[in-house]
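Student: Here you go, sequence then predicted model.
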Amino acid sequence: MASEQSAKRFFELNLQYNRMLEQAGTHVIVNGEDAVLYWLYVEDKPLLSGEISQRMELSSGRVANILNSLEKKGMIMRERNSADKRQVSVSLTREGRKQIDSGYRECIRWCDNMLEKLEQKDVDTFLGLAEQILQ
């Protein structure tokens, strides 16, 4: 188990990282509408609203609000399953794909700029450790 001092330092670094994300503004896809667009983008196929809710670990009500907003903006399309009217399939529109593609590329550039500060062996170590922590 990590020492309390290590846990405090990790917490402080996490706060600094979160501040850096906030300052990046639109450069980082974190949650909400951008996260829904991201999941539809990387899956590259329609998803059920329940699947989006699971991936984002949000309530179905919160996801429904996000989907309503995205639909009004013309970013997604929703279609009820003809066999089961309770299931709603969600897909990106051309405008939604364009927006998330641009945002995703910007996010990757931002992350690349951050990782450029490290040597490749340190990047590999950092990513391996981050994966262990997040599992």
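Tutor: Noted; the coordinates are in hand. Numbering: from 1, shown residues only.

Student: Mind telling me which residue is nearest the centre of this structure?
Tutor: residue 35 (3.9 Å; Cα atoms, centre = their mean).

Student: what's the nearest residue to it if we skip its chain neighbours?
Tutor: residue 56 (5.7 Å; Cβ to Cβ, 6 or more residues apart in numbering). Glycine gets a C-beta too; all of them are placed from N, C-alpha and C.

Student: what sits against the one you found?
Tutor: 31, 35-36, 39, 63 (Cβ atoms under 8 Å, 6 or more residues apart in numbering).

Student: now it: how far from residue 5?
Tutor: 34 Å (Cβ to Cβ, to the nearest Å).

Student: residues of the helix or strand hosting residue 34 that come out buried?
Tutor: For residue 34, the host element (DSSP states H and E) is helix 32-43. By neighbour count on 16 or more other Cβ atoms under 10 Å, the buried set for helix 32-43 is 33-41.

Student: With respect to residue 74, which of the contacts of residue 56 is nearest?
Tutor: residue 36 (14.0 Å; Cβ to Cβ).

Student: how close does that closest one sit to residue 127?
Tutor: Distance of residue 36 to residue 127, given as Cβ to Cβ: 25 Å.

Student: So what's the residue count around residue 68?
Tutor: Residues lying near residue 68 (other Cβ atoms under 10 Å) number 12.

Student: Quick check: phi and psi at it.
Tutor: phi -60, psi -50 (degrees, to the nearest 10).

Student: Please report how far it lies from residue 36.
Tutor: Residue 68 is 11 Å from residue 36, by Cβ to Cβ.

Student: Surely residue 91 is in a strand?
Tutor: Yes: Residue 91 sits within a strand when classified using DSSP: H, G, I helix; E, B strand; the rest coil.

Student: neighbours of the closest residue in space to it that isn't next to it in sequence, just the number please.
Tutor: The spatially closest residue to residue 91, leaving aside those adjacent along the chain, is residue 46, at 4.0 Å (Cβ to Cβ, 6+ apart). A count of neighbours around residue 46, defined by other Cβ under 10 Å, yields 16.

Student: Many thanks, we can stop here.
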